[in-house]
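Novice: dropping the sequence and predicted coords here.
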Amino acid sequence: MEFSVSYKLLVLEDNTLLLETLEDFLDSCGYGVALFKDGNQALESCYRNTYDLYLLDINVPGINGLAFLKELRESGDMTPAIFITSSTDKPTLTKGFAYGADDYIKKPFDLDELSMRIQAVLTRSGKETIMAIDEAYSLNPARKQLLFHGEEQELHLKDFELLYLLVENRGKVVTKEMIAARLWNPTEAINEGAVRVYVNNLKKIFGKESITNLRGIGYRFE
């Protein structure tokens, strides 16, 4: 696996399909994940284990998400929490924040948006996701840093964004369209000459064999 499992998330959600989707997605992002459909079982786990962030549905069997977070906060557990909910009821959301929620996201939601919200909450709480590339290099997406044995390396923003995209999809083809969407605004045309420069900059760091050029299609980070 290319990513370091730096943080462990507890997910409380009673929809089996969504729970499986979240498990696959969060695992691909490098998070350790503990899954629960029942609030009471999740609460019991919180008293036996340490988590870095809670993702909580509100309407679940056993103790609901609101009461779950309220009880943890009253016990002194200040672990960051994000509600994932279909509720648009303002009093319910107000109560969630009053009980100590850090953020919420409405169903249905975009997984990339969820990832950004998780990173933002972890950063605000003093925790940051570190993405391992190899034994020496890693990425800090929140700070847009390339690290070598923990020390920041100089890297232009476009180089970083391309590297981040390639590492996120390691072993998979990153198409020209994906690169354009990440590096340029929707109204701008992709500058293929610039992309080749960025790729060569990364090859100087990781070696010529690190990135495969699939002519006319895109690139793959090996």
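Specialist: On my side now, so go ahead.

Novice: alpha carbons only for contacts and neighbour counts from here, please
Specialist: Fine.

Novice: how about low-confidence regions in this structure?
Specialist: The chain contains residues with pLDDT under 70 at 1-6, 126-129, 142.

Novice: quick one, strands of it?
Specialist: Assigned by DSSP state E, the strands in the chain fall at 8-12, 32-36, 53-56, 81-85, 103-106, 131-132, 137-140, 145-148, 151-153, 174-175, 211-214, 218-221.

Novice: who does the fourth one touch, helix- and strand-wise?
Specialist: What that stands for is strand 81-85. For strand 81-85, the elements it packs on are strand 53-56, strand 103-106, judged by 3 or more C-alpha pairs under 8 Å, 6 or more residues apart in numbering; DSSP states H and E.

Novice: hey, which of the ones you listed is tucked in deepest?
Specialist: Stretch with highest mean neighbour count among the helices and strands packed on strand 81-85: strand 53-56 (a mean of 24; mean count of other C-alpha atoms under 10 Å).

Novice: can you tell me the strand partners of that one and which way each runs?
Specialist: Paired neighbours of strand 53-56 in the sheet (DSSP bridges): strand 8-12 (parallel), strand 81-85 (parallel).

Novice: for the ones you listed, give me TSV that also has mean neighbour count and distance to residue 40.
Specialist: As requested, the strands paired with strand 53-56 are exported to TSV (neighbours: other C-alpha atoms under 10 Å; distance: least, C-alpha to C-alpha, whole Å):
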stretch	mean neighbour count	distance to residue 40
strand 8-12	23	10
strand 81-85	23	17
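
Novice: the ones you listed: which one's closest to residue 167?
Specialist: Judged by C-alpha to C-alpha, the one of these that comes nearest to residue 167 is strand 8-12, at 20.4 Å.

Novice: that closest one versus strand 32-36: what angle between them?
Specialist: On the basis of axes from the mean of the first three to the mean of the last three C-alpha atoms, to 10 degrees, strand 8-12 is oriented at 20 degrees to strand 32-36.

Novice: run the chain-centre distance for strand 8-12.
Specialist: Strand 8-12 sits 13 Å away from the centroid of its parent chain (C-alpha atoms, centre = their mean, to the nearest Å).

Novice: repeat for stretch 94-114
Specialist: Averaging C-alpha positions (C-alpha atoms, centre = their mean) puts stretch 94-114 15 Å from its chain's average.

Novice: one more: stretch 196-209?
Specialist: Its chain's C-alpha centre and that of stretch 196-209 lie 25 Å apart, by C-alpha atoms, centre = their mean.

Novice: still on that earlier bit, of all the strands of the chain, which one comes closest to residue 65?
Specialist: Closest to residue 65 of the strands of the chain, according to C-alpha to C-alpha: strand 53-56, at 5.8 Å.
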